[in-house]
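A.B. asks: test case, fold it:
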Amino acid sequence: MPAALISPYLEQTLRQRHNIHHNELLALKNPEPAVDEQLFLHKIISKALLQAFAVNFVFFFIYLLVLISTISLSYDIHGSIIECSGISWTYLWFFAALGGVLSLRVRRAYYSFFFFLFAVVLITNL
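C.D. replies: Numbering: from 1, shown residues only. So this is what the prediction gives:
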């Protein structure tokens, strides 16, 4: 959840940096600079892709380390409760699917997911 709150700010920062490159590209339309246009375009696109990849990789790695350490710490503290509570992989798959569906931000996807969930609960309780 914290990653979902931080990610829009990260994306906005990347977009602002890419807008700077876009403004450089628009300045290229001016016939005065004697820069090779194809080489300049290649550099701008490559730089934007590398920045996006590097930033996303670093933040994914940080999120993963925080998640792993949080799970390890909570298991060390409350491990016996987790083992006795009956939590299984089914719950993990359910919440992972729920997160994926909610990230779509499409109302029809929500309805489809909850209809499917209702059908599964109904079938398993028969």
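A.B. asks: tell me how far the ends of stretch 75-95 are from each other?
C.D. replies: Stretch 75-95 has an end-to-end distance of 19 Å (Cα to Cα, to the nearest Å).
A.B. asks: could you shift the numbering so residue one becomes 748, and keep it that way?
C.D. replies: From this message on, residue numbering opens at 748, which makes the last subject stretch 822-842.
A.B. asks: looking at that stretch now, give me its mean pLDDT.
C.D. replies: Stretch 822-842 comes out with an average pLDDT of 71.
A.B. asks: please apply the same query to stretch 858-870.
C.D. replies: pLDDT averaged over stretch 858-870 gives 84.
A.B. asks: tell me the buried residues in that stretch?
C.D. replies: Phe860 (16 or more other Cβ atoms under 10 Å). C-betas here are computed from N, CA, C, even on glycine.
A.B. asks: for that stretch, give me every contacting residue.
C.D. replies: By Cβ atoms under 8 Å, 6 or more residues apart in numbering, the list of residues contacting stretch 858-870 from outside reads Phe841, Ala844, Leu845, Val848.
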